[in-house]
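In: Sequence unavailable; structure follows:
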């Protein structure tokens, strides 16, 4: 293989560069606009997160105009980890900020998020060698959040056998990620493949390092495998950004 990337890869870099610049521009245009609803507030939060992760992807990508490197380092596995994170934020953005639902359902979704967040923090801080003194405050907060959720009309309509997992903070979403992705316009089978592929590089399990020699990957240098998977990640990120940009502009009335 040539020591220079292909024309296809260069087009992927250009598409990502344009998508990131567009996203940052939209984010800046929305800055300072009052949020009339909780959905608008979290749209600002999550869209900013999308932009931040996208800039990280653009910075990591070889031959990107977003960074000047001593060498062009090829590491699609790290890029896959960032891409999965961005995909998950994209799902949260659609679910909490873009998808149409009643006020009761939105508050139910939000409070399920709150309970999941509170329980996650409790688990995290309880693992400290010396847990902080204020960890007890999370118990009161958790009980308050559960009581608020129990009074929500949409939550009341949920089958009783499903309520416990939300009250316990075991799940952050009322439906599966693949169902939400499908509602956001991603083919179900495509999402399942995407998520499994990207997730395989988040953890140091065998699939992440087996066949490195056979596939000529994981050494930081250009190869067909590195370029192919890197191009795939760049194209996916650009697509997610552009869709989210269109939704963000519509939500905040940006032209």
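Out: Perfect, I can see it now. Just so it is clear, the model here is predicted, and its values are computed rather than measured.

In: distance between the helix or strand harbouring residue 234 and the chain's centre?
Out: In the assignment (DSSP states H and E), residue 234 maps to helix 224-252. Here helix 224-252 shows a centroid-to-chain-centroid distance of 12 Å under the convention CA atoms, centre = their mean, to the nearest Å.

In: do the same with stretch 18-28
Out: If you compare the mean C-alpha spot of stretch 18-28 with that of the full chain, they lie 17 Å apart, counting by CA atoms, centre = their mean.

In: isn't residue 171 right up against residue 109?
Out: No. The pair residue 171 / residue 109 is not scored as a contact, 11.3 Å apart, by CB atoms under 8 Å. To be clear about C-beta, it is placed using only N, CA and C from the backbone, and glycine gets the same treatment.

In: Pull up the overlap in contacts between these two.
Out: When contacts are counted by CB atoms under 8 Å, 6 or more residues apart in numbering, the set common to residue 171 and residue 109 is empty.

In: Compare these two (neighbour count), which wins?
Out: Per other CB atoms under 10 Å, whichever of residue 171 and residue 109 has more neighbours is residue 109, with 23 against 14.

In: Give the rounded mean pLDDT of the strand or helix carrying that one.
Out: Of the helices and strands defined by DSSP H and E, residue 109 is found in helix 103-126. Average pLDDT, helix 103-126: 94.

In: Same check on stretch 14-22?
Out: Stretch 14-22 comes out at a mean pLDDT of 98.

In: Residue 152: what's it in contact with?
Out: 104, 107-108, 111.

In: now it: how far from residue 107?
Out: Applying CB to CB, to the nearest Å, the value for residue 152 to residue 107 is 6 Å.

In: try residue 156
Out: Distance, residue 156 to residue 107, by CB to CB: 12 Å.

In: which of these two has more neighbours?
Out: When neighbours are counted by other CB under 10 Å, residue 156 and residue 107 differ, and residue 107 comes out ahead with 19 against 13.

In: correct me, but that one touches residue 154?
Out: Yes. Using CB under 8 Å, residue 107 makes contact with residue 154 at a distance of 7.4 Å.

In: Now stretch 118-125: buried residues?
Out: The neighbour-count check on stretch 118-125 (16 or more other CB atoms under 10 Å) flags 118-119, 122 as buried.

In: Check the offset of it from the chain's centre.
Out: Using CA atoms, centre = their mean, the offset of stretch 118-125 from its chain centre is 20 Å.

In: what does stretch 106-124 give?
Out: 17 Å.

In: which residues are in contact with it?
Out: 38-39, 42, 95-96, 101, 135, 138-139, 141-142, 145-146, 148-149, 152, 154-155, 166-174.

In: where are the low-confidence patches of the stretch 101-250 of the chain?
Out: 131-132, 214 (pLDDT under 70).

In: just to revisit the earlier point, elements contacting the helix holding residue 234?
Out: Here helix 224-252 touches helix 7-30, helix 38-60, helix 76-93, going by 3 or more CB pairs under 8 Å, 6 or more residues apart in numbering; DSSP states H and E.

In: For the first one, buried residues please.
Out: Under the neighbour-count criterion of 16+ other CB under 10 Å, helix 7-30 has 9, 12-13, 15-17, 19-20, 22-24, 26-27, 30 buried.

In: now that helix and helix 224-252, what's the angle there?
Out: 20 degrees (axes from the mean of the first three to the mean of the last three CA atoms, to 10 degrees).

In: what packs against helix 7-30?
Out: Contacts defined by 3+ CB pairs under 8 Å, 6+ apart place helix 7-30 against helix 38-60, helix 224-252.

In: Quick check: which of these is nearest to residue 76?
Out: Closest to residue 76 of these is helix 224-252 (CB to CB; 4.0 Å).

In: buried set for the closest one?
Out: If you call a residue buried by 16+ other CB under 10 Å, then helix 224-252 has these buried ones: 225-227, 229-238, 240-241, 243-245, 247-248, 251-252.

In: and if you look at stretch 153-170?
Out: For stretch 153-170, by 16+ other CB under 10 Å, it's 154-155, 166-167, 169.
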